[in-house]
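>>> quick one: sequence plus predicted model below, questions after.
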Amino acid sequence: MILRSLVVLLVCLNLGVGLWWSLRRDPAPPPPPAVEAGTGSLVLLGEAEAPPAPDDAEVGAVPVPVADAPVCLSLGPFATPADLRAAMNAMTPHVGRIQFREVPATELRGYRVYLPAAGSREAALATARQLAARGVRDYYVVTAGAQENTVSLGLFRDLGNAEKRRDELMAQGFQAVLEPRTEDAAQWWIDLAAERGFDWRALLPGRTELEERPVDCT
């Protein structure tokens, strides 16, 4: 009888514990502490390292109002976007209107001295043998492309050195040709409207290579 009573008691205790666990709820987490005025909030590392918006990289200064009778100029050429941006940043706060434009250009890369193309590869090689017989060095026969069958006599950065090479070959009876080496490039110009007497040179010191061209203000 006593054993049966103990079993019944244990069963009741287990049922009570199970009911207590089923009704139990975890307490809600405490609210985050209030941030006092003047105290910065937490920022995720990814947010802190995010790059600035594209607009932040543009010219931020606001131009002054356009004068009633402005002077309008085109300044350039600027060879690189970095030079263009620096000039725009320097002049924008002092002009009434400013913008830039990109134009195609040709950039000088040096000079080439050569003998004109022969009628065939065999003729070009014969000319090369004549050069060697007269002690001329540093040449080669071009075998393909737009300059095929010409005899290259050198590439030069300095015009004076190129002229010297050409003259030496001509003195030996060869019809040497000197021509500039160019390639397509881009240039940028700044168009602006400002009050009369505007001195852009004071804002761009050292840029003596820039040109100033009056343009129509319309």
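Now that the structure is in, tell me what you want to look at. No experiment lies behind these values; they were computed from the predicted model shown.
>>> domains for this structure, by residue range?
The chain breaks down into these domains under automatic domain parsing: 59-107+184-214, 108-183.
>>> now do the same end-to-end measure for the shortest one.
Its first and final residues considered, domain 108-183 spans 7 Å by Cα to Cα, to the nearest Å.
>>> check stretch 211-218 too.
End-to-end for stretch 211-218, by Cα to Cα: 21 Å.
>>> tell me the mean pLDDT for it?
Across stretch 211-218, the average pLDDT comes to 89.
>>> show me what contacts the closest residue to residue 118 other than its chain neighbours?
Nearest-residue entry for residue 118: residue 124, 4.2 Å, with adjacent residues in sequence omitted and distances by Cβ to Cβ, 6 or more residues apart in numbering. Where you see a C-beta, it was placed from the backbone N, CA and C, and this is true even at glycine. Going by Cβ atoms under 8 Å, 6 or more residues apart in numbering, residue 124 touches 117-118, 141-142, 149-151.
>>> tabulate the residues you listed (TSV), appending distance to residue 135 and pLDDT.
Listed next are the contacts of residue 124 as TSV, based on distance: Cβ to Cβ, whole Å; pLDDT from 0 to 100:
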residue	distance to residue 135	pLDDT
117	24	94
118	21	91
141	18	95
142	22	95
149	23	95
150	21	96
151	15	96
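>>> just the closest of those residues to residue 167, please.
Among the contacts of residue 124, residue 151 lies closest to residue 167 (Cβ to Cβ), at 16.7 Å.
>>> and that closest one, what are its bridge partners?
residue 115, residue 141 (DSSP bridges).
>>> so it touches residue 131, yeah?
Yes - the pair residue 151 and residue 131 passes the contact test of Cβ atoms under 8 Å, sitting 7.0 Å apart.
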